[in-house]
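Chemist: Structure for the following, please:
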Amino acid sequence: MVTLTYVHILFVALILAMLALMAFRKSIVLPCVAGILVMGWAVTKSAVGGVQALFNALIWSGSEFWGIIVVISLVTAMSKAASSPASTSSNSSSRHSADTPRRSSPLSAVARRRSAKADPPPTPYVPFVP
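Modeler: Numbering: from 1, shown residues only. Next up, the predicted model:
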């Protein structure tokens, strides 16, 4: 038979508190940090143990999410680079002299229509990388 201790009850109470904060659309960052400190203190019965638990939790979460952060930043950078008009504007100015008027291309008309719309661009697909 499994014996539940006060640490188990504290853990469930903290989880319920986080769920309640999320239900009220409040920030849960500081309560989570405080919960990790309290859980570490309750398990080790020392304040230093609570700080060690917080440090270990930050190191573990950082090592788990670095891959995701890198993928998101690379996709964002490539998306911005692909939509940047700077690479085409420098070449087009050298082909036309100041006397000849520039005709608008169908592509620029499509780009103007797209920028006039209020809809945001679709979010890029980010594949799961283990």
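
Chemist: pull the longest helix from the protein.
Modeler: Looking across the chain with DSSP state H, the single longest helix is helix 47-82.

Chemist: Kindly provide the whole-number mean pLDDT of it.
Modeler: Across helix 47-82, pLDDT averages out at 92.

Chemist: What of stretch 3-14?
Modeler: In the prediction, stretch 3-14 has an average pLDDT of 94.

Chemist: Which positions within it qualify as buried?
Modeler: Neighbour-count burial for stretch 3-14 flags 10, 11, 14 (criterion: 16 or more other Cβ atoms under 10 Å). From N, CA and C alone the C-beta is placed, and that goes for glycine too.

Chemist: list the contacts for the first one?
Modeler: For residue 10, the residues meeting the contact criterion (Cβ atoms under 8 Å, 6 or more residues apart in numbering) are 38, 39, 42.

Chemist: now those in JSON lines, with secondary structure?
Modeler: JSON lines is the format used below for these (DSSP: H, G, I helix; E, B strand; the rest coil):
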{"residue": "38", "secondary structure": "helix"}
{"residue": "39", "secondary structure": "helix"}
{"residue": "42", "secondary structure": "helix"}
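
Chemist: List just the nearest of the residues you listed to residue 83.
Modeler: Distance to residue 83 across the contacts of residue 10 (Cβ to Cβ) is lowest for residue 39, with 45.2 Å.

Chemist: how about the one helix or strand residue 12 maps to as CSV, C-alpha atoms only?
Modeler: Using DSSP states H and E, residue 12 sits within helix 6-23. Taking C-alpha atoms only, helix 6-23 is exported to CSV below (Å, rounded to 0.1, in the frame of the first residue of the first chain):
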residue,chain,number,x,y,z
TYR,A,6,2.4,15.8,3.3
VAL,A,7,4.8,16.4,0.3
HIS,A,8,2.3,14.6,-1.9
ILE,A,9,-0.6,16.7,-0.6
LEU,A,10,1.5,19.9,-1.0
PHE,A,11,2.3,18.9,-4.6
VAL,A,12,-1.4,18.3,-5.4
ALA,A,13,-2.3,21.7,-3.8
LEU,A,14,0.3,23.5,-5.8
ILE,A,15,-0.9,21.9,-9.1
LEU,A,16,-4.5,22.9,-8.2
ALA,A,17,-3.3,26.4,-7.5
MET,A,18,-1.6,26.6,-10.9
LEU,A,19,-4.7,25.3,-12.6
ALA,A,20,-6.8,27.9,-10.8
LEU,A,21,-4.4,30.7,-11.8
MET,A,22,-4.5,29.5,-15.4
ALA,A,23,-8.3,29.5,-15.3
